[in-house]
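In: One predicted model, sequence on top.
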Amino acid sequence: MIKTEHLTKRYDALTAVEDVSFQVGPGEVLGFLGPNGAGKTTTMRMLAGFITPSSGSASICGHDVAGAPLAAKAALGYLPEGAPSYGEMTVRGFLAFVADLRGLAGARRRERLSHVIEHLQLQGVLEQTIDTLSKGFRRRVGLAQAIVHDPPVLILDEPTDGLDPNQKHEVRTLINQMARDKIIVISTHILEEVDAVCTRAIVIARGRIVADDTPAGLAARSRYHNAVSLQLEEPGQLAAARAALAGLPAVAEVEVSERDARLTALPRSGGMILPAVSELAAREGLKLQELHLESGRLDEVFRTITA
Amino acid sequence: MRNVGIIMRRELASYFATPVAYVFILIFLVLASAFTFYLGGFYERGQADLDPFFTFHPWLYLFLIPALSMRLWAEERKSGTIELLMTQPVTLWDAVLGKFLAAWLFTALALALTFPLWITVNYLGKPDNGAILAAYLGSLLLAGGFLAIGSCMSALTRNQVVAFILGVVACFGFLLAGFPMVLDLFRGWAPLALVDAIASLSFLTHYESIAKGVIDVRDLLYFAMLIGFFLFATAIVLEWRKAD
């Protein structure tokens, strides 16, 4: 369990994080979202015990981060932003160093090391110095270091930042695999990540929590929630289709994209308009390439609540 | 204490994983020998001792030790590894002590590698080996004092060049504290007790008596307290601005 109460961090005139309170329980993957500079990293650093809060408190598995820092840190696996590591060390040497600091010894140490090496596919680079590794491998070494002691709580600051799509997919798969029995907090500004791995999302802007919801709940706040999108085969029908759609009583607004002959009909107050729209399309003889129901656009919600 | 050892071993290994160790040892040995033979007149003196060798250590350390200590914390802060280290279940003190001991052990190694000089002087005559051992101890303590100051200066900044310059200046201050030109600055207005206190802070007075072979508890205590004070200061500085 992660618990924060009124967590606040002030720097002279600037308040980086203000009155942040939340709880995360086992099995939850919490996505910490926000624009750059919103206070995500500062919050994570306070959870990890790297920054002392100005006021408020945080605890990891019941251990107060300020009062019992060693116990809190022992229960935690942490990937700092940018996955820093000692560049002159080999991957093997670095992981062994962290395993030692984590107090692993004997058979358990061997077993955990080979587990993370296999899991993050580091076998091929074990004897290379970290400086010579690609960004993707460095991030994996950072993740391996965070999970080597099999902690109940994982805090990962931008775990997929700067990775290519394949590597992002691998990291997300890994997070999903670990999600069942761990508490995971990841920070990100990549919205697709929220859908891909998170069970819950907290949006933070200017140091304050502005939303705390499931990804579906967040998407439902979108103007596009339950909107219907149609793509026409013949662009010539656009004007007529638009007029017809706008005439439906349940449709609030129609957006037109001329480039790909696409219309989006937005419902009044999130109502269901799909049956009405498809009926209308049949009646008006619109030739459709595609017709689909939108669940909502996270990026639009994100912009609305953090602007 | 277990963590101190782990951090120390990692740090020491990193010296040897980069050219730092080899460059430092080479320069140290070359300069120490050059000072001994050319400036110190090792042969010309006609005495079987290592005085000309140890006399120049404070001046050699003045530039070499800050060059070694500048990376202690500045590099960790620059590369962000300080965040990694400080979020492991270790105390700040474990890290400060582990890194300092690694640097100190390393200078001990460099110092030990000057043994051919000791062999030479024993081959040429009958030196007082007890005094030489004491002088080695004094030199090691001196290096420890410089390193502790350098560690604190390195904790102040994320820029290694700044850490180096601050280190040299601070060490120079401690080295010169006993010199008349420094003391005269205070003599005009400060009470005598303060002038004496400043004079007693000097590295040179304490080092020179040990280097002559006189091991006084007060000199040992001086170095122990100096090292302790600056390591404590390092920890305070890190606590204050490790995340900047």
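Out: Structure's in. What do you need?
In: so which helix or strand takes in A:I209?
Out: Per DSSP states H and E: A:I209 is located in strand A:208-213.
In: Give me the residues contacting that strand.
Out: Applying Cβ atoms under 8 Å, 6 or more residues apart in numbering or on different chains, the external contacts of strand A:208-213 come out as A:18-22, A:39, A:200-204, A:218, A:221, A:301, A:305-306. All C-beta spots, glycine's among them, are computed from the backbone N, C-alpha and C.
In: Keep only those of these that are in strands.
Out: Residues of the contacts of strand A:208-213 located in strands (DSSP state E): A:18-22, A:200-204.
In: possible to save these as a markdown table with distance to chain B, pLDDT and neighbour count?
Out: Converted to a markdown table, the ones in strands among the contacts of strand A:208-213 look like this (distance: Cβ to the nearest Cβ, whole Å; pLDDT from 0 to 100; neighbours: other Cβ atoms under 10 Å in any protein chain shown):
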| residue | distance to chain B | pLDDT | neighbour count |
| --- | --- | --- | --- |
| A:E18 | 18 | 91 | 19 |
| A:D19 | 20 | 92 | 15 |
| A:V20 | 17 | 92 | 25 |
| A:S21 | 22 | 93 | 14 |
| A:F22 | 20 | 93 | 18 |
| A:R200 | 23 | 93 | 19 |
| A:A201 | 24 | 92 | 27 |
| A:I202 | 21 | 93 | 22 |
| A:V203 | 24 | 92 | 23 |
| A:I204 | 18 | 92 | 24 |
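In: Look at A:T160 and report its pLDDT.
Out: If you check A:T160, the pLDDT there is 87.
In: how close does the residue nearest to it when sequence neighbours are not counted sit to chain B?
Out: With sequence-adjacent residues excluded and distances taken as Cβ to Cβ, 6 or more residues apart in numbering or on different chains, A:T160 is closest to A:K168, at 4.5 Å. A:K168 is 22 Å from chain B, where distance means Cβ to the nearest Cβ, to the nearest Å.
In: now do A:D299
Out: With distances taken as Cβ to the nearest Cβ, A:D299 is found 29 Å from chain B.
In: ok, now which ones touch that residue?
Out: By Cβ under 8 Å, 6+ apart, the contact list for A:D299 reads A:L191.
In: Helix or strand for it, just tell me which one.
Out: Using DSSP H and E, A:D299 sits in helix A:298-306.
In: quick check: mean pLDDT across that helix?
Out: 85.
In: rewinding a little: which two from the ones in strands among the contacts of strand A:208-213 end up farthest apart in space?
Out: Maximum pairwise distance among those (Cβ to Cβ): 20.8 Å, between A:E18 and A:R200.
In: all strands for the chain, in order.
Out: Picked chain A for this. A:2-11, A:14-24, A:29-33, A:55-60, A:63-64, A:76-79, A:153-157, A:183-188, A:200-205, A:208-213, A:228-232, A:251-257, A:262-267, A:288-293.
In: ah, no, chain B please
Out: Using DSSP E, no strands are found in chain B.
In: What is the least confident helix or strand in it?
Out: Lowest on mean pLDDT, DSSP states H and E among the helices and strands of chain B sits helix B:180-187, with a mean of 78.
In: helices or strands up against it?
Out: Helices and strands touching helix B:180-187, by 3 or more Cβ pairs under 8 Å, 6 or more residues apart in numbering or on different chains; DSSP states H and E, are helix B:192-200.
In: okay but A:F22 is in contact with A:M1, surely?
Out: No. In this structure, A:F22 is not within contact of A:M1 by Cβ atoms under 8 Å, at 11.1 Å.
In: And the nearest residue to B:L39 once chain neighbours are set aside, what's its pLDDT?
Out: Counting by Cβ to Cβ, 6+ apart, B:L39 lies nearest to B:F56, which is 6.5 Å off, once chain neighbours are set aside. B:F56 is assigned 86 on the pLDDT scale.
In: shouldn't B:F56 be in contact with B:G40?
Out: Yes. Contact criterion Cβ under 8 Å: B:F56 and B:G40 qualify, at 6.6 Å.
In: Between these two, which is the more surrounded one?
Out: Applying other Cβ atoms under 10 Å in any protein chain shown to B:F56 and B:G40 shows that B:G40 carries more neighbours, namely 19 against 16.
In: if I pick the more buried one, what's in contact with it?
Out: Contacts of B:G40 by Cβ under 8 Å, 6+ apart are B:51-53, B:55-56.
In: With chain A as the reference, measure out to it.
Out: B:G40 sits 37 Å away from chain A, going by Cβ to the nearest Cβ.
In: Retrieve the pLDDT associated with that residue.
Out: Listed pLDDT for B:G40 reads 74.
In: Please read off the pLDDT at residue 84 from the model.
Out: Using chain A. pLDDT, A:P84: 93.
In: meant chain B, my bad for not saying
Out: B:L84 is assigned 95 on the pLDDT scale.
In: State whether it and A:P84 are indeed in contact, as I suppose.
Out: Yes. Between B:L84 and A:P84 a contact is recorded at 5.4 Å, counting by Cβ under 8 Å.
In: And the two? Which one has more around it.
Out: Between B:L84 and A:P84, B:L84 has the larger neighbour count (other Cβ under 10 Å), namely 24 against 20.
In: How much space separates that one from chain A?
Out: Distance from B:L84 to chain A, counting by Cβ to the nearest Cβ: 5 Å.
In: Backbone torsions only: list them for A:P80.
Out: In terms of degrees, to the nearest 10, the main-chain angles of A:P80 are phi -70, psi 160.
In: so who does it touch?
Out: Contact analysis of A:P80 by Cβ under 8 Å, 6+ apart lists A:45, A:48, A:50, A:142, A:157, B:80, B:83-84, B:87.
In: what about the one residue in chain B that gets nearest to chain A, how many residues close to it?
Out: Minimum separation of chain B from chain A (Cβ to the nearest Cβ) falls at B:G80, amounting to 3.4 Å. B:G80: 16 surrounding residues under other Cβ under 10 Å.
In: got a list of contacts for stretch B:186-203?
Out: Identification of contacts with stretch B:186-203 by Cβ under 8 Å, 6+ apart yields B:58, B:142, B:145-146, B:171, B:174-179, B:182-183, B:205, B:222.
In: Would you mind listing the buried residues in it?
Out: Using 16 or more other Cβ atoms under 10 Å in any protein chain shown as the test for burial, stretch B:186-203 gives B:195, B:198-199, B:202-203.
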